[in-house]
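1. Next input, structure requested:
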Amino acid sequence: MVCDGIRTHTVVCDHIKIHKQTMKKNNNNNDVSWDAIPWMRNKELEMSVLSNLLNDADCWELAGELRVSEDLFSDPLNAIIYRVMSGVRSNNAPVDSISVFEALKGQQSNEVMIRFGDLMILAQDQAHFPHHIYALRELATRRAIYRVCADLQAKAQDYSFPVEEALEAMNSEVERLTDTVGTRTYETLLEVIRKSIDEIARVKSGEEPMGLLLGYPSLDRLLQGLQTQEMVVLAARPSVGKSLFALNIGLNVALAGGKVAYFTLEMSNREQGKRSISNLTGVDGSSLRDESDLGDMWKIIEALRERIDLDRFFLEETPALSVAEFTSKARVLVKKEGVRLIIIDYLQLMTVTPRMAVRENEVAAISRAIKATAKALKIPIIALSQLSRDVVKRTGGLGKPQLSDLRESGAIEQDADTVIFIHRPDFTGMSDNPEERNRATIILAKHRNGILGEVDFIADTNRMRFVEKQEDLPPTIEYSSF
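-> Numbering: from 1, shown residues only. From the prediction side, this is the model:
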């Protein structure tokens with residue numbers, strides 16, 4: 001089958017060479033004519049989008065979400081190829097070079113066949129595919145505005161055309177253009193209330209969980225679970241344990257049957273693996289260097305595999321991860337692997353392109369991108385964040401953090417639906433009591449969908465675990481109160 005595919009692909013290329021030779025013989029080197037507004041077009045951008053659609057089936061799903069249509073392609077050759085590709089897809093056939101070539105063969109001009117050959121060898125840029133779609137839509141909108149204005153200008157200069165009719169034509173054209181460019185994104189309050197009541201009823205009847213549970217009963221009762229499209233910020237000073245707490249949350253969700261993706265920008269996958277071994281087995285992390293324990297440890301891991309699907313937890317190790325890369329990889333993990341929770345460790349290590357002169361603006365752009373990704377993929381995203389030194393300056397290192405201590409940008413506080421702080425009294429010197437050692441307070445400082453509060457934990461750093469102090473469980477919320 002592979003050989004047949006390669007042979008057929010070679011035949012496709014040979015046919016395209018014949019078309020090119022025919023073009024040279026006919027001396028038909030004239031470009032296909034375009035409208036006189038070339039600055040509102042980008043042939044190369046259109047070809048990049050077509051190349052991705054030709055080589056990546058996932059791009060079609062995204063194209064559907066972004067409402068890609070033939071109108072976005074200003075180059076007639078590109079528009080024809082997109083129309084044929086859409087026809088192939090509508091017939092439930094794979095959209096690849098072979099099937100599209102067969103659909104084009106014998107029906108289109110030499111120019112179209114040569115353009116299709118150029119698409120086959122064009123380098124793909126999947127990471128920027130959504131941004132290219134947005135750019136094409138903006139150009140298409142500008143072209144539409146230009147044509148409407150040109151038509152109205154002609155009517156205004158035609159004195160035989162009544163002014164009243166010109167004004168009516170203007171209103172109708174603007175209204176038509178507005179309807180074409182945008183879709184209905186608003187809802188009436190009645191529609192929203194109906195959906196909310198249905199959601200409450202499903203949760204109350206047990207058909208749906210109240211949210212994605214983190215595996216900590218008291219914290220889950222405060223949060224009522226993480227909701228879809230939420231951006232949760234988990235923040236602390238360095239070395240307090242935010243990465244460890246996030247790893248514990250991820251493992252808890254995976255152990256409960258959910259799929260988790262952990263983007264580790266600071267530590268390596270190997271380091272996270274060792275922490276996970278200690279967490280899952282209860283083996284002291286310092287003993288992992290002792291080779292005499294490895295045999296017993298493997299027995300424990302094998303026993304765990306019988307009741308735990310370790311393939312539910314995905315680790316992505318990418319230093320200096322860009323916003324575009326994150327968006328692309330997150331979409332693949334959600335659509336292909338069924339991931340229900342994404343964790344980013346940590347936000348300030350991500351990058352944007354192009355770089356900005358002001359660091360606060362970069363962090364704000366990263367924060368907005370994370371929030372937008374959570375909404376687009378309809379999953380919660382936990383983004384770890386550093387706290388500024390202001391918390392030390394303000395309290396002399398003794399006090400609890402507050403929202404204004406989020407580092408480098410106030411946009412993080414604004415974008416986040418929930419903000420959680422980790423406070424360690426033994427780290428800040430607030431307590432010399434041995435019984436207070438390793439005590440961690442999880443502070444729910446912002447909660448857009450519920451109440452605020454604090455929960456006491458024990459940070460068992462030897463076994464890489466955060467353990468809840470059960471006596472601090474808040475009262476259970478009864479749904480009968482709705």
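
2. Going by C-alpha atoms from here, please, whenever you check contacts or count neighbours.
-> OK.

3. Please pull out the lowest mean pLDDT helix or strand from this structure.
-> The weakest-scoring helix or strand in the chain, judged by mean pLDDT, DSSP states H and E, is helix 2-25 (a mean of 45).

4. after that one, next one along is what?
-> Once the chain leaves helix 2-25, the next helix or strand it forms, by DSSP states H and E, is helix 43-55.

5. What are the buried residues along that following helix?
-> Of the residues in helix 43-55, 45-55 count as buried by neighbour count, 16 or more other CA atoms under 10 Å.

6. following it, which helix or strand comes up?
-> Using DSSP H and E, the helix or strand that directly follows helix 43-55 along the chain is helix 57-65.

7. Could you pull up the mean pLDDT of that next one?
-> In this model, helix 57-65 has an average pLDDT of 75.

8. Can you tell me what sits against that helix?
-> 52-53, 95, 129-130, 133, 332 (CA atoms under 8 Å, 6 or more residues apart in numbering).

9. switch the cut-off to 7 Å
-> Contacts to helix 57-65, defined as CA atoms under 7 Å, 6 or more residues apart in numbering, come from residues 52-53.

10. helix or strand right after it?
-> Next helix or strand after helix 57-65 toward the C-terminus (DSSP H and E): helix 76-90.

11. counting contacts, what elements does that next one pack onto?
-> In terms of contact count using 3 or more CA pairs under 7 Å, 6 or more residues apart in numbering; DSSP states H and E, helix 76-90 is assigned the packing partners helix 43-55, helix 97-104.

12. closest one to Y146 among these?
-> Ranking those by distance to Y146, with CA to CA as the measure, places helix 43-55 first at 18.4 Å.

13. I'd like to know the average pLDDT value across the helix ranked longest in the chain.
-> Of all the elements of type helix in the chain, the one with the most residues (DSSP state H) is helix 129-157. Averaged over helix 129-157, pLDDT sits at 84.

14. Repeat that for stretch 447-467.
-> In this model, stretch 447-467 carries a mean pLDDT of 84.

15. which outside residues touch that stretch?
-> Contacting residues not belonging to stretch 447-467 are listed as 218-219, 222-223, 244-245, 248, 275, 278-279, 282-285, 417-419, 438-446, 468-469, 472 [CA under 7 Å, 6+ apart].

16. R41: neighbour count?
-> Residues near R41, counting by other CA atoms under 10 Å, number 20.

17. L139 is in contact with that one, correct?
-> Yes: contact status for R41 versus L139: in contact at 6.4 Å, counting by CA atoms under 7 Å.

18. Tell me the buried residues within the contacts of stretch 447-467.
-> With burial judged by 16+ other CA under 10 Å, the buried subset of the contacts of stretch 447-467 is 218-219, 222-223, 244-245, 248, 275, 278-279, 283-285, 417-419, 438-446, 468.

19. In a helix, T228, correct?
-> No: note on T228: no helix contains this position according to DSSP: H, G, I helix; E, B strand; the rest coil, which reports coil.

20. Give me the spatial nearest neighbour of it, chain neighbours excluded.
-> For T228, ignoring the flanking residues on the chain, the nearest one in space by CA to CA, 6 or more residues apart in numbering is I379 at 4.4 Å.

21. And that neighbour, how far from V232?
-> To V232, I379 is 11 Å away according to CA to CA, to the nearest Å.

22. what do you get for Q272?
-> Shown here: Q272 relative to V232, a distance of 21 Å by CA to CA.

23. G64 too?
-> Distance from G64 to V232, counting by CA to CA: 28 Å.

24. between the two, who's got more neighbours?
-> Neighbours per residue, other CA under 10 Å: of G64 and V232, the larger number sits with V232, 27 against 10.

25. In three-state terms, how would the more buried one be classified?
-> Secondary structure of V232, reduced to three states by three-state DSSP: strand.

26. where exactly do the helices run in the stretch 101-250 of the chain?
-> In the stretch 101-250 of the chain, the helices defined using DSSP state H, counting those that start in this stretch lie at 110-120, 129-157, 163-181, 189-205, 217-223, 242-255.

27. the inter-axis angle of the third one versus helix 129-157?
-> With axes from the mean of the first three to the mean of the last three CA atoms, to 10 degrees defining the directions, helix 163-181 sits at 170 degrees from helix 129-157.

28. May I see the buried residues of helix 163-181?
-> For helix 163-181, burial by neighbour count (16+ other CA under 10 Å) applies to 166, 169-170, 173.

29. just curious, which of those residues is nearest to G206?
-> When the buried residues of helix 163-181 are compared for distance to G206, the smallest value, 50.4 Å, is given by E173; criterion: CA to CA.

30. Neighbours of the closest residue in space to the closest one that isn't next to it in sequence, how many?
-> Counting by CA to CA, 6+ apart, V148 is the residue found nearest to E173 once chain neighbours are left out, at 6.8 Å. Residues within reach of V148, counting by other CA under 10 Å, total 17.

31. hang on, K446 in a strand?
-> Yes: counting by three-state DSSP, K446 is located in a strand.

32. Look up how far D56 lies from R424.
-> In this view, R424 and D56 are 48 Å apart by CA to CA.

33. quick one, which of the two is more surrounded?
-> Counting neighbours by other CA under 10 Å for R424 and for D56 shows that R424 has the greater number, 27 against 14.

34. about what we covered before: and the helices of the stretch 101-250 of the chain: which comes nearest D311?
-> D311 sits nearest to helix 242-255 of all those, at 8.8 Å, using CA to CA.

35. What segments of the stretch 351-482 of the chain are strands?
-> Under the criterion DSSP state E, counting those that start in this stretch, strands of the stretch 351-482 of the chain are mapped to 381-386, 418-423, 439-447, 453-460, 465-468.

36. Next, the angle strand 439-447 makes with the fourth one.
-> So the one you mean is strand 453-460. Orientation check (the same axes, to 10 degrees): strand 453-460 against strand 439-447 gives 150 degrees.

37. Just the CA atoms of strand 453-460, as PDB, please.
-> What follows is strand 453-460, C-alpha atoms only, in PDB (Å, rounded to 0.1, in the frame of the first residue of the first chain):
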ATOM      1  CA  GLY A 453     -11.600  30.800  51.600                       C
ATOM      2  CA  GLU A 454      -8.500  29.000  52.900                       C
ATOM      3  CA  VAL A 455      -7.700  25.400  53.400                       C
ATOM      4  CA  ASP A 456      -4.800  23.900  55.400                       C
ATOM      5  CA  PHE A 457      -2.500  21.400  53.900                       C
ATOM      6  CA  ILE A 458       0.600  19.400  54.800                       C
ATOM      7  CA  ALA A 459       3.500  19.700  52.300                       C
ATOM      8  CA  ASP A 460       5.100  16.200  52.500                       C
END
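
38. Could you check the angle it makes with helix 242-255?
-> 90 degrees.

39. Compute the inter-axis angle for strand 453-460 and strand 418-423.
-> Using the same axes, to 10 degrees, strand 453-460 lies at 50 degrees relative to strand 418-423.

40. Next: the third one.
-> Computed with the same axes, to 10 degrees, the direction of strand 439-447 lies at 160 degrees from that of strand 418-423.

41. got the contact list for the residue lying closest to N252 once chain neighbours are set aside?
-> Nearest-residue entry for N252: G215, 5.3 Å, with adjacent residues in sequence omitted and distances by CA to CA, 6+ apart. With contacts defined as CA under 7 Å, 6+ apart, the neighbours of G215 are 249, 252-253.

42. Turn those into CSV, including distance to D456.
-> Written out in CSV, the entries for the contacts of G215 read as follows (distance: CA to CA, whole Å):
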residue, distance to D456
I249, 16
N252, 18
V253, 20
